[in-house]
Structures are given as C-alpha cells and as structure tokens.
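Engineer: A structural model of the following input is requested.
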Amino acid sequence: LGPLLMKERHPLRHWSIAVEQYASASNFAHIVQAGRDVVMHGENAPYNLTVWPPPPQRLSAEEARAQPSRLLRTGHEIVEFVGRETELATLRSWREGHRGRPHVVVRLIHGPGGRGKTRLAAQAARTWRQDGWNVFRANPRPNRSARPTREIPPIEDASGTLVVVDYAQEWDADNLLRLIHDMSSQASPVLILLLARSAGAW
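Structural biologist: Model prediction:
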C-alpha cells in the first residue's frame with residue numbers, strides 16, 4: 001500500500017482519507033482488484049505446458065496379461081489410428097482459417113469417455129507438428145510453486161501453436177481464462193483445443 005494522504009476538510013477536525021494502492025508484477029504474476037482488496041497471485045502460472053504428444057508407450061506382453069485394461073489406455077496406442085478423416089479435416093480447416101493472424105481461438109470437442117477425443121487430438125497434433133506448428137498440452141498444476149517439468153521451445157519460432165487441454169471440465173474456470181489470457185500475447189496464432197466429457201455450465 002502506498003502512503004495515506006490525509007487532508008483537513010473542516011475546522012471540527014473532520015478528516016478525509018484517500019488510500020493509494022501500488023502493486024507491480026512480472027512474468028505470470030496476476031493482480032485482481034476486488035472492492036478494497038487486492039489479491040496478488042504468485043509468479044508461477046496455475047498450469048504448465050509440456051510438449052505433446054509424447055512417443056507411444058511400450059507395453060510388454062507380460063504387462064498386458066497382468067493388467068489387460070492397460071491395452072485401452074490412450075498413451076499406449078496399441079491399436080493403429082484409423083478413420084476420423086472428417087474430424088481431422090474439420091480441425092485442419094479450423095487451423096487454416098486462422099493462419100497468420102496473431103490471436104487466440106478456442107474450440108471445444110466434447111463427448112462421453114472412451115469415444116476417442118484424446119486420440120483424435122493426438123493424431124492431429126502429430127500432423128500439425130510436421131506442418132511446422134508447436135503443440136503443447138496444458139496440465140493443471142496443483143502446487144503453484146512447482147516449476148514446469150520440461151523445457152518449452154520458443155512459441156514464436158513456429159507457424160502457430162496448438163494447446164490441448166484434456167479433461168477441461170475439471171479445470172477451474174479462472175485457470176482456463178488465465179491460460180487464454182497468457183497466450184494472447186504471442187506473435188503467431190494460438191489455437192486452444194478443449195477436450196471434455198460434457199459441455200455443461202463449466
């Protein structure tokens with residue numbers, strides 16, 4: 001808080017008090033004015049970005065026999081990706097429609113669990129990376145003091161950036177808005193793809 005400025009306005013010692021508030025922030029610091037209160041979040045964002053998708057995880061025959069459900073996990077990609085040409089073409093048209101314009105665009109894909117949302121996004125991500133785009137996954141960070149787990153290449157070095165947010169319905173709405181806001185300063189287009197099991201009030 002800055003200094004208290006006090007001025008005498010009446011001979012009966014009626015005082016008027018003006019309060020000046022000063023705050024400065026850098027990097028990911030975030031300041032919120034709520035009435036007379038100023039809330040200042042830490043410099044680390046409530047999420048981190050990791051290069052995505054990683055190479056498919058290898059699953060041995062022994063591991064599969066011990067826990068057959070692991071065969072269905074998206075990260076293992078046991079079954080070859082086929083089909084979804086229409087959906088991939090729609091995402092590509094979305095990308096091309098925003099090429100070269102420095103702004104943030106958000107799209108939502110929603111449906112029940114097990115329908116292939118994450119696998120579809122991963123397939124698109126690999127193709128987009130080959131086309132010169134950066135592709136990241138945004139992960140909520142339970143502990144804001146924790147640092148990002150991986151190095152992230154400069155976003156400006158690519159034709160654009162795709163950020164995938166899986167299980168978006170479980171994110172805090174303020175953190176999603178924070179992600180969108182943080183991406184808005186990039187010099188190239190940023191497309192944020194939200195994957196969710198519902199399109200409800202969240």
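
Engineer: who touches stretch 60-76?
Structural biologist: 54, 56-57, 59, 78, 114, 118-119, 122 (Cβ atoms under 8 Å, 6 or more residues apart in numbering). C-beta coordinates here come from the backbone N, C-alpha and C atoms, glycine included.

Engineer: surely Trp52 and Phe136 touch.
Structural biologist: Yes - contact criterion Cβ atoms under 8 Å: Trp52 and Phe136 qualify, at 5.7 Å.

Engineer: joint contacts of those two?
Structural biologist: Joint contacts of Trp52 and Phe136 (Cβ under 8 Å, 6+ apart) are Val164.

Engineer: what is the end-to-end distance of stretch 167-174?
Structural biologist: Distance between the two ends of stretch 167-174: 15 Å, counting by Cα to Cα, to the nearest Å.

Engineer: any low-confidence regions in the protein?
Structural biologist: Applying pLDDT under 70 to the chain flags the ranges 1-43, 72, 74-79, 142-157.

Engineer: buried residues in the lengthiest helix in it?
Structural biologist: Across the chain, the longest stretch assigned as helix under DSSP state H is helix 117-130. By 16 or more other Cβ atoms under 10 Å, the buried positions in helix 117-130 come out as 117-125, 128-129.

Engineer: so can I have TSV of those showing distance to Glu96?
Structural biologist: Output for the buried residues of helix 117-130, formatted as TSV (distance: Cβ to Cβ, whole Å):
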residue	distance to Glu96
Lys117	22
Thr118	23
Arg119	22
Leu120	18
Ala121	17
Ala122	20
Gln123	17
Ala124	13
Ala125	16
Trp128	11
Arg129	16
